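Peer 1: Task: produce atomic coordinates for the following.
(chains A and B)
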Amino acid sequence: MLETRDLSAVYGEVKALDGVSLNVSRGEILGLIGPNGAGKSTLIRVISGVLNASKGKVLLDGQDITSYTPNQRALRVAVVPQARQLGGAFTVEQTVLLGRTPYLGMMGKASSRDKEIVHWAMAQTEVEDLAARRLAEISGGEQQRVLLARALAQKTNVLLLDEPTNHLDLGYQVSLLTLLRELVEEQDLAVIMALHDLNQVAGYADRVALLVKGNLAAVGSPDQVLTCDNLESAYHTPIEVLDHPRSGKPFIVPQCPE
Amino acid sequence: MLKRPYLLTLCLLVLAFVLSVALGAVFIPPGTALRIAANRFLSLEFTETWPGYFETILVEIRLPHAILVTLTGAALAGSGATYQGLFRNPLADPYLIGVASGAGLGAVFFMALPWMGQFLIPAGAFLGALGTVIIVYSLARVGKMVPLTTLILAGVAVGSFTTAMTSFLMLRSNRQLQHALSFLLGGSPVAGWDPVRIALPYSAVGFGLLLLTGHSLNVLQFGEEQAQQLGLPVERVKFFIIIASSLTAAAAVSFSGVIGFIGLIVPHLVRMLWGGDYRQLIPLSMIGGGCTLLAADMLARVILAPQSLPVGIVTALFGAPFFLWILRRAKQEVFW
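Peer 2: Numbering: from 1, shown residues only, chains lettered A, B, ... in the order given. This next block holds a predicted model:
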């Protein structure tokens, strides 16, 4: 459903992505991992259509992503950005309502159906209690869940998430990932999620793509990608990959000095 | 009352308007003023218990003046709110970012042309405003952001330059531009209904366009990238917003001169009281702007009565300290 073909992107002279070919189908979470500056965020920006590819293309339902208008794109692809510098004067509810933008007219008048969806989205990410609070007054983790609710309110088939668990405590990290898992099954979403925590990727992603310096170093099932060799050469640090005692999935432990 | 923002601001506006019509060298009691207006415009027949010149003062001087002041205040505050949303910067104000001076230059330039009719002066102001906002915006832009400091610095630099150009123009051609001086200080150059007739169509169009920008501005508050991901055609929308706000600011300048700080103070107060939803912020700022400028105008007429100060001096006296206060608060980014 979503496919990148030989995708490259540059920032000025610097090559941020170099010939990345990937695909993700509905009902699947593709985990995106790689060291800082590997091109994870860049990939998400290109797929969401805000950064133009210098070479190659992104196909969404077989059609080039740049051939859609911003509104058509927003009906199909929603992005959960990293929470920072949010317009603090808005309330949580107003923010989530902006996820309905592609469905609203110029004046932004919300129908009762829009409001229903907004409340559904807020309930999903457990921010309903915060509905009337201003963004500046809530924590980074709460803002992150508000942004997820905003993306859910877009009701798209494709969801792109840029390190969504960054500001969350352990409990909310697990509940966010579990919620995503449920949504993927229930609504047949296609999800691309950049994550730093390799064990979360192992636990929640169906497939994993490892980016290193803009190149696709490996892609496949967690078992195939999360190997000692792959990770050590990507992160330049000794890493131990064990079998998770309960799930049998890869369990990654960086080696500590003894 | 705070829960009914429109009711509150509209009541204040009506109050300020009635007071503005009543106050002056000759005091016309508000009740009498209402009856005169009712007789004149609604064809009612209250018995005339007032001297005849009351009607002349009211209808020929005070009413058109108050209407003009209201429109100006609304235009300044409405465009100020819009610029603030567009630049995502609480200090954007048509005066501070140089747009008002640019509009002044355009207006004076058109006044200096002998074959220009009065009706075209706003068009000159619009061109001046538009040129200035584009120059200031490109100068102030750092990457994707328009930081506070560069915006104000670029505004001051471009504003000083256009003001200097304006002075130069005025000194060069001393004929028709006598009234341009008082005009630039924020005193209306002409009295009576003529300026109102010119002002109305321009401001009506400007207000209409501004009211359309609220939702887009809301989406833009999350940055251009997120706005695009939420489905907003960002470049087109920004262009529309710049046209709308510059048209409105120019309308204000061309019928009332360069008046500072209204576009800064009013949206800020509205935002503090009722939050940052631009669909509500813009209309409330317009109403509040009319009201605030009426108040400033009354002060201007009263302080040195019977002489009247240019209203721009009053707004600067109160506005500059307020500006500094916002500057301090803006660092905490509570409302942004």
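Peer 1: going forward, measure contacts between C-alpha atoms and count neighbours the same way
Peer 2: Noted.
Peer 1: where does the stretch 201-336 of chain B come near chain A, residue by residue?
Peer 2: Listed as neighbours of chain A in the stretch 201-336 of chain B under the rule Cα under 8 Å from any Cα of the partner chain: B:212-216, B:219, B:221-222, B:225-226, B:228-233, B:271, B:275-277, B:279, B:333-336.
Peer 1: Show only the entries of those found in strands.
Peer 2: With DSSP state E as the criterion, strands contain none of those.
Peer 1: Just the buried ones out of those residues, please.
Peer 2: Neighbour counting by 16 or more other Cα atoms under 10 Å in any protein chain shown classes B:212-216, B:219, B:221-222, B:225-226, B:228-233, B:271, B:275-277, B:279, B:335-336 among these as buried.
Peer 1: Mind checking which of those residues land in helices?
Peer 2: Using DSSP state H, the members of these that fall within helices are B:212, B:214, B:215, B:216, B:219, B:225, B:226, B:228, B:229, B:271, B:279.
Peer 1: mind listing what residue B:260 touches?
Peer 2: By Cα atoms under 8 Å, 6 or more residues apart in numbering or on different chains, residue B:260 lies in contact with B:93, B:94, B:95, B:96, B:312, B:315, B:316, B:319.
Peer 1: with these in mind, which one is nearest to chain A?
Peer 2: residue B:93 (18.5 Å; Cα to the nearest Cα).
Peer 1: And the residue of the stretch 151-258 of chain A that's closest to chain B?
Peer 2: With Cα to the nearest Cα as the measure, residue A:154 is the residue of the stretch 151-258 of chain A nearest to chain B, at 8.0 Å.
Peer 1: what number of residues lie near that residue?
Peer 2: 29 (other Cα atoms under 10 Å in any protein chain shown).
Peer 1: nearest spatial neighbour of it, skipping sequence neighbours?
Peer 2: residue A:99 (4.9 Å; Cα to Cα, 6 or more residues apart in numbering or on different chains).
Peer 1: pLDDT at the closest residue to chain A within the stretch 201-336 of chain B, what is it?
Peer 2: Proximity to chain A, evaluated over the stretch 201-336 of chain B using Cα to the nearest Cα, is greatest for residue B:231 at 3.9 Å. Looking at residue B:231, its pLDDT reads 93.
Peer 1: Would you agree it is in contact with residue A:74?
Peer 2: Yes: Residue B:231 is within contact range of residue A:74, at 4.7 Å (criterion: Cα atoms under 8 Å).
Peer 1: got any residues that touch both of these two?
Peer 2: Common contacts of residue B:231 and residue A:74 (Cα under 8 Å, 6+ apart): residue A:102.
Peer 1: Any stretches of the stretch 1-150 of chain A with poor pLDDT?
Peer 2: Judged by pLDDT under 70, the stretch 1-150 of chain A has its weakly predicted residues at A:84-88.
Peer 1: Can you list the buried residues in stretch A:249-258?
Peer 2: By neighbour count on 16+ other Cα under 10 Å, the buried set for stretch A:249-258 is A:249, A:250, A:251, A:252.
Peer 1: what helices or strands is the strand or helix carrying residue A:151 leaning on?
Peer 2: For residue A:151, the host element (DSSP states H and E) is helix A:140-153. Counting contacts by 3 or more Cα pairs under 8 Å, 6 or more residues apart in numbering or on different chains; DSSP states H and E, helix A:140-153 is packed against strand A:77-80, helix A:92-97, helix A:112-124.
Peer 1: Straight-line length of stretch A:145-160, end to end?
Peer 2: Stretch A:145-160 has an end-to-end distance of 14 Å (Cα to Cα, to the nearest Å).
Peer 1: Tell me which residues are up against it.
Peer 2: Here stretch A:145-160 makes contact (Cα under 8 Å, 6+ apart) with A:26, A:44, A:48, A:74-81, A:83, A:92, A:95-102, A:117-118, A:121-122, A:124-127, A:187-193.
Peer 1: Report the buried members of those residues.
Peer 2: Among those, those classed as buried by neighbour count (16+ other Cα under 10 Å) are A:26, A:44, A:48, A:74-81, A:83, A:92, A:95-102, A:117-118, A:121-122, A:124-127, A:189-193.
Peer 1: After the helix holding residue A:151, which helix or strand is next?
Peer 2: Following helix A:140-153 in sequence, per DSSP H and E, is strand A:158-162.
Peer 1: neighbouring strands for that next one, and are they parallel or not?
Peer 2: strand A:77-80 (parallel), strand A:190-194 (parallel) (DSSP bridges).
Peer 1: which helices and strands sit right next to whichever strand or helix holds residue A:57?
Peer 2: Taking DSSP H and E as the criterion, residue A:57 maps to strand A:55-60. On a contact count with 3+ Cα pairs under 8 Å, 6+ apart, strand A:55-60 meets strand A:2-11.
Peer 1: which residues are in contact with the helix or strand just after the strand it packs on?
Peer 2: Using DSSP H and E, the helix or strand that follows strand A:2-11 in sequence is strand A:14-24. Applying Cα under 8 Å, 6+ apart, the contact partners of strand A:14-24 are A:1-10, A:30, A:37-39, A:42-43, A:55-56, A:190-192, A:213-216.
Peer 1: Pull up the pairing partners for strand A:14-24, direction included.
Peer 2: Using DSSP bridges, the strands paired with strand A:14-24 in its sheet are strand A:2-11 (antiparallel).
Peer 1: Thank you kindly, that will do.
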